[in-house]
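Asks: dropping the sequence and predicted coords here.
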Number of protein chains: 2
Amino acid sequence: MKMYNDTAYVILGILTTECTSGYDIKKLIDQSLNHFWKISYGQIYPTLKLLVEEELAEVAPSLESGKKDKNEYSLTEKGVNTLKSWLEEPVQQLPVEKNEILLKLFFGNHQSNKASIRLIEDYRTKLQTRYQTYVAIETSIKEHDSASKDAKYWLYTLDYGKRTTKAAMDWCAATIKNIPKGEEMYE
Amino acid sequence: MKMYNDTAYVILGILTTECTSGYDIKKLIDQSLNHFWKISYGQIYPTLKLLVEEELAEVAPSLESGKKDKNEYSLTEKGVNTLKSWLEEPVQQLPVEKNEILLKLFFGNHQSNKASIRLIEDYRTKLQTRYQTYVAIETSIKEHDSASKDAKYWLYTLDYGKRTTKAAMDWCAATIKNIPKGEEMYE
DNA sequence: ATATACATGTAACCTGTTACATGATTTG
DNA sequence: CAAATCATGTAACAGGTTACATGTATAT
């Protein structure tokens, strides 16, 4: 079976929901997948075009009044099958997360301990904000969407975000403690 | 101060070590930064050229006999200053780690629970392998490089890798438990 | 001898971001 | 009526990967 890039599969997946236009797809990803995926219109519209060319989806102008320019996309049977067989394939390889904070810390002996600690504290604050966002989304899903079939899966992905963010926060705390406070020499 | 991309700063950082050629830089990143950074020759050689153009580094053919084609790069004062001021800047924003396993799980109600569990189990195995690699590198550093000034910082970055990988492994275990085992209907 | 490691480099390609252009509709 | 949101799309650019080309030195 022909392979596509991840962008094509995300869009295929989203077209199984009520989000059927480029604009709606963008909104859904920004709101619900935002902690592990992001996308731009520069990817969405060309990919939608590709899906139609490949006969994985079909377009039709919206019938709703006052939404003249809106294009509604729907999956073909071929599209559904392509999505399902992608879902079943195991993930090829773990991604190497490029981490700028680790990169800077790796070269830590070229700056003062104070500066290293400042970097990590700043990073920790950002992680805390992220963690709180996850908790807020989780609460919101539990309140509003607990009936939804998808809700269960959304909560699993949020749990992943919470756990790994927590681990990173703990690392920050531990590392700040481990770095000597003294103003000793560095290169 | 003029800004460069992360690739330029990694190379600037590595040029403070004994790795002074494109080939050596590649080797170091693959061996020591591989859990949070990767790079290809297609980035290294053009970037080295750029660093020289920008007067952040200088080149000289290797003097070692039998290493005729080897180019040795060294930082200029401007290069050292550029590196140091980059090190001090706080990391702009947390990266959104694109995570294919979460993406597939997000669309989990389009496949059987069995298939979802299989995906997560496979992912967990890959995480375990990664974790063991980290432990092995850690042991190796403690045995061979504990005297090195840099070793301390290398261990911090490894600790980060261990903690977040562990959190992801725990999530796998918990999620596998939470997904019902029954063969109920799905869309 | 031959395979592996050393060593440099480029061109084509893929993926994704940003800025821009354009205009309709809704809300305050 | 102004601002925000809805809605689609493209071109230029930035970043990175892969495959290729080329040749030397070392170890088995």
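Replies: Okay, I see it. Residues are numbered from 1 along each chain as shown, chains lettered A, B, ... in the order given.
Asks: and A:Ala60, which helix or strand is it part of?
Replies: Using DSSP states H and E, the element containing A:Ala60 is strand A:57-61.
Asks: low-scoring stretches of chain A, by residue?
Replies: By pLDDT under 70, the weakly predicted segments of chain A are A:65, A:182-187.
Asks: SS state for A:Val96?
Replies: coil (DSSP: H, G, I helix; E, B strand; the rest coil).
Asks: okay, now the residue lying closest to it once chain neighbours are set aside: neighbour count?
Replies: Among residues not flanking A:Val96 along the chain, B:Lys38 sits closest, at 5.2 Å (Cβ to Cβ, 6 or more residues apart in numbering or on different chains). Where you see a C-beta, it was placed from the backbone N, CA and C, and this is true even at glycine. The number of residues packed near B:Lys38 is 13, by other Cβ atoms under 10 Å in any protein chain shown.
Asks: close to chain B, is the strand holding A:Ala60?
Replies: No - with Cβ under 8 Å from any Cβ of the partner chain as the criterion, chain B is not reached by strand A:57-61; the gap is at least 15.5 Å.
Asks: buried ones in that strand, by neighbour count?
Replies: A:Ala57 (16 or more other Cβ atoms under 10 Å in any protein chain shown).
Asks: again with stretch A:95-103
Replies: Buried residues in stretch A:95-103, counted by 16+ other Cβ under 10 Å: A:Glu97, A:Lys98, A:Asn99, A:Glu100, A:Ile101, A:Leu102, A:Leu103.
Asks: rewinding a little: distance check, the residue nearest to A:Val96 against A:Asn99.
Replies: Separation of B:Lys38 from A:Asn99 (Cβ to Cβ, to the nearest Å) stands at 11 Å.
Asks: so what are the sheet partners of the strand holding A:Ala60 and their directions?
Replies: For strand A:57-61, the pairing partners within the sheet under DSSP bridges are strand A:71-75 (antiparallel).
Asks: and the strand it pairs with, which residues are buried?
Replies: So strand A:71-75, judged by 16+ other Cβ under 10 Å, has buried residues A:Asn71, A:Glu72, A:Tyr73, A:Leu75.
Asks: which other residues reach that strand?
Replies: Contacts of strand A:71-75 with the rest of the structure, by Cβ atoms under 8 Å, 6 or more residues apart in numbering or on different chains, involve A:12, A:15-16, A:20-22, A:48, A:51-52, A:56-62, A:83.
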